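Enquirer: sequence and predicted structure are below.
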Amino acid sequence: MNEEQPWITWEESGTPQRARWRSESQAMPATLLPADDTLTANAAFKLVSEGTGLLWQGDFHNGRQLLQALGRRVDRPPRVGAAAPAPAGGRGDAQAAARDAFARHRAAQARRAALLGRVLVKFEPDRTIALRRAPDVRAALAEAWGPPDGSASIASLRELQGLVGAHEWRKKGVEVPALGGRIHPWFGVFSPLRGEYLPLVAQAPLPPGAQALAFDIGTGTGVIAALLARRGVREVVATDLDPRAIACATENVARLGLAGQVRVVAADMFPEGSAALVVCNPPWVPTPANAAIERAVYDPDSAMLRAFLGGLAAHLAPGGEGWLVMSDLAEHLGLRTRDELLAWIAAAGLRVVARHDTRPTHPKAGDPADPLFAARSREVTSLWRLGAQ
C-alpha cells in the first residue's frame, strides 16, 4: 500500500518533515504551511485560495471552526457581474440554460471542495491525532484505509469528517422500508439514502423464471440483491468491480440472513450465463465525477448505462426482462435526451415492455433555493422493464 501513497513534505523550524498523503479526491498541495489558532479566517482564505495547504497544529475544535468559516467565505455570492440573461423560451434555449446552470453548479462544488480540502491534519503512525481535543478516529481510518503501515499520514480535515461520517453510517446503517431491514454502507460505497426506486423493484411483477435466478449488476451495498432475495428469488448473483463494494454487499446480505440466496462476485458488468431477470441501477448523470464516491452518481458519456444495454440481450434467458433503474434528471439538465436513451435500447436489440415511475422525495426536489431546482422539480425516477426484440 505504501507504493500507492505519495509523500508530502514540508518544513518546521528549519527541519524537513514528511508523511504519506492520504486522499481519494483531493490533489496534494505543492506548498504546505503549518498553521494554528493565531491564523485568522481571512488570512487562511487567502492562503488556500492561492493553493497553499494549511497543516493544522492548533486546537482540533478550532480547526473545525476555521473550516466552517472558510466554507462561509467560499459560499458568498460573487459581488460583481450581471445576472445571466433568461432563456428566450425555446426548447433548445431552455436545455442550454439547464446545461449552463449545471456546469456552474459543478464548478462551484469542485472549487469549494478544493479550497476546503486544503486544511490538513496529521495522523501519527498509530493513527492518533496529536492535537488538543482531537477525537479518536482510529476505527474510522482502519475501515477506510486498512491497518496502519507505520508511517505518519496527512489528510484534509474535511475528508476526515467524511471518514468519520461514513464510520457512523456503517455502524447504525440505513433503514430501507422496502427491505424491512437496514443496509450498512461502507466508506466509498454509495449509501441508499435516496431510495424512491426501491419500492419499484419490490413491486414490479417478476418475469417467468425470475424466482430461480436473477443478476444484480453493479450491486454497491447489495440493497437490490437483498430486495430480490426478500421477494423469493432463490439465487441472486450480484456483481461489482470495487473491492469495497464486494465486501460491503457480502457483509450486508449475511447480516440480513440472505447469504444462502445471494452470491457476490467480482465481475465487469455481467456474470457468466443468463438469467430471467437482470437488474441494473447505473449512475444517472453522464458527466465526470469530481471524487471517487461520486462515481455512483456520475457516469461519463453514459458508459455504464450503454454497456448494460449493449450486453443485456446476451444475458437474458428466453422471455426474461432487464430492469433498468434510471432517473430522467440528465434529460432536464440537457445532458442526455429521451430519444438517445430509446435509440440505445433499440440498437441493443431490446424493447420496452413497461415502465414504472415515481417522484423523488429528497429535500432538494422541493427546495427553490437549490441551484438545480428547475430540473429537480420535474425529475421522475423510472424502472424500465426491457425485453429482447
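Expert: Perfect, thanks for sending it. Numbers count the residues shown, from 1 in each chain.
Enquirer: now do the SS call for the closest residue to Glu12 other than its chain neighbours.
Expert: Closest residue to Glu12 apart from its sequence neighbours, by CB to CB, 6 or more residues apart in numbering: Pro34 at 5.8 Å. Placement of C-beta: from N, CA and C, glycine included. Recorded secondary structure, Pro34: strand (DSSP: H, G, I helix; E, B strand; the rest coil).
Enquirer: which ones are touching Pro34?
Expert: Pro34 sits next to 10, 12, 54-55, 57 when contact means CB atoms under 8 Å, 6 or more residues apart in numbering.
Enquirer: how about a cut-off of 10 Å?
Expert: 10-13, 17, 54-58, 120, 122 (CB atoms under 10 Å, 6 or more residues apart in numbering).
Enquirer: what about the residue nearest to Val119 when sequence neighbours are not counted, how many neighbours?
Expert: Leaving aside its sequence neighbours, Val119 sits nearest to Leu157 (CB to CB, 6+ apart; 4.7 Å). Leu157 is flanked by 20 other residues according to other CB atoms under 10 Å.
Enquirer: do you know how far Leu157 is from Arg118?
Expert: Distance of Leu157 to Arg118, given as CB to CB, to the nearest Å: 9 Å.
Enquirer: all the strands of the stretch 251-389 of the chain, residue numbers only.
Expert: For the stretch 251-389 of the chain, the strands defined by DSSP state E, counting those that start in this stretch occupy 262-266, 275-280, 316-327, 350-358, 381-388.
Enquirer: show me where the stretch 101-250 of the chain has its strands.
Expert: According to DSSP E, counting those that start in this stretch, the strands that the stretch 101-250 of the chain contains are 119-123, 153-156, 174-176, 181-183, 214-217, 236-240.
Enquirer: let me know which of the ones you listed is tucked in deepest.
Expert: Across the strands of the stretch 101-250 of the chain, averaging neighbours per residue (mean count of other CB atoms under 10 Å) puts strand 214-217 on top, at a mean of 30.
Enquirer: quick one: distance of it to the chain centre.
Expert: Distance of strand 214-217 from the chain centroid (CA atoms, centre = their mean, to the nearest Å) equals 20 Å.
Enquirer: for that strand, packing partners?
Expert: Judged by 3 or more CB pairs under 10 Å, 6 or more residues apart in numbering; DSSP states H and E, the packing partners of strand 214-217 are helix 223-230, strand 236-240, strand 262-266, strand 275-280, helix 303-312, strand 316-327.
Enquirer: ok, back up a step: closest one of the contacts of Pro34 to Gly188?
Expert: Leu120 (20.2 Å; CB to CB).
Enquirer: how much space separates the closest one from Leu277?
Expert: Leu120 sits 48 Å away from Leu277, going by CB to CB.
Enquirer: check Arg76 too.
Expert: From Arg76 over to Leu277 the distance is 50 Å, taken as CB to CB.
Enquirer: who's more crowded, the two?
Expert: More neighbours surround Leu277 than the other of Arg76 and Leu277, with 27 against 7 (other CB under 10 Å).
Enquirer: okay, the residue nearest to Val119: pLDDT?
Expert: As predicted, Leu157 sits at a pLDDT of 98.
Enquirer: against which helices or strands is the longest helix along the chain packed?
Expert: Longest helix in the chain, counting residues (DSSP state H): helix 91-116. In terms of contacts (3+ CB pairs under 10 Å, 6+ apart), helix 91-116 is packed against helix 41-49, helix 60-74, strand 153-156, helix 157-172, helix 329-332, helix 373-376.
Enquirer: just checking, what packs against the second one?
Expert: So that's helix 60-74. helix 41-49, strand 52-56, helix 91-116, strand 119-123, helix 157-172.
Enquirer: try 6 Å this time
Expert: Under the contact definition 3 or more CB pairs under 6 Å, 6 or more residues apart in numbering; DSSP states H and E, helix 60-74 sits against helix 41-49, helix 91-116.
Enquirer: would you turn these into TSV with distance to Glu340, mean neighbour count and mean pLDDT?
Expert: Shown next, in TSV, are the helices and strands packed on helix 60-74 (distance: least, CB to CB, whole Å; neighbours: other CB atoms under 10 Å; pLDDT from 0 to 100):
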stretch	distance to Glu340	mean neighbour count	mean pLDDT
helix 41-49	39	16	98
helix 91-116	13	15	89
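Enquirer: so which of those helices gets nearest Gly320?
Expert: Closest of those to Gly320 is helix 91-116, at 35.5 Å (criterion: CB to CB).
Enquirer: so the closest one versus helix 41-49, what angle?
Expert: 110 degrees (axes from the mean of the first three to the mean of the last three CA atoms, to 10 degrees).
Enquirer: helix 91-116 vs helix 60-74, what angle?
Expert: Going by the same axes, to 10 degrees, helix 91-116 makes 150 degrees with helix 60-74.
Enquirer: next, count neighbours for the residue lying closest to Gly150 once chain neighbours are set aside.
Expert: The spatially closest residue to Gly150, leaving aside those adjacent along the chain, is Pro125, at 5.3 Å (CB to CB, 6+ apart). By other CB under 10 Å, the residues close to Pro125 number 13.
Enquirer: and Pro125, how far from Leu141?
Expert: Using CB to CB, one gets 12 Å for the distance from Pro125 to Leu141.
Enquirer: give me the distance between the one helix or strand Arg18 maps to and the centre of its chain.
Expert: Taking DSSP states H and E as the criterion, Arg18 maps to strand 15-21. Chain-centre distance of strand 15-21: 31 Å, with CA atoms, centre = their mean.
Enquirer: could you do stretch 96-113 as well?
Expert: Taking CA atoms, centre = their mean, one finds the center of stretch 96-113 at 17 Å from the center of the full chain.
Enquirer: alpha carbons only: can I get that stretch in CSV?
Expert: Extracted in CSV, the C-alpha atoms of stretch 96-113 (Å, rounded to 0.1, in the frame of the first residue of the first chain):
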residue,chain,number,x,y,z
ALA,A,96,-28.7,25.3,-22.9
ALA,A,97,-29.7,27.2,-19.8
ALA,A,98,-30.1,24.0,-17.8
ARG,A,99,-26.7,22.7,-19.0
ASP,A,100,-25.1,26.1,-18.1
ALA,A,101,-26.6,26.1,-14.6
PHE,A,102,-25.4,22.5,-14.1
ALA,A,103,-21.9,23.4,-15.3
ARG,A,104,-21.7,26.4,-12.9
HIS,A,105,-23.0,24.2,-10.1
ARG,A,106,-20.4,21.5,-10.6
ALA,A,107,-17.6,24.1,-11.0
ALA,A,108,-18.7,25.7,-7.7
GLN,A,109,-18.8,22.3,-6.0
ALA,A,110,-15.3,21.5,-7.3
ARG,A,111,-13.9,24.9,-6.2
ARG,A,112,-15.5,24.5,-2.7
ALA,A,113,-14.0,21.0,-2.3
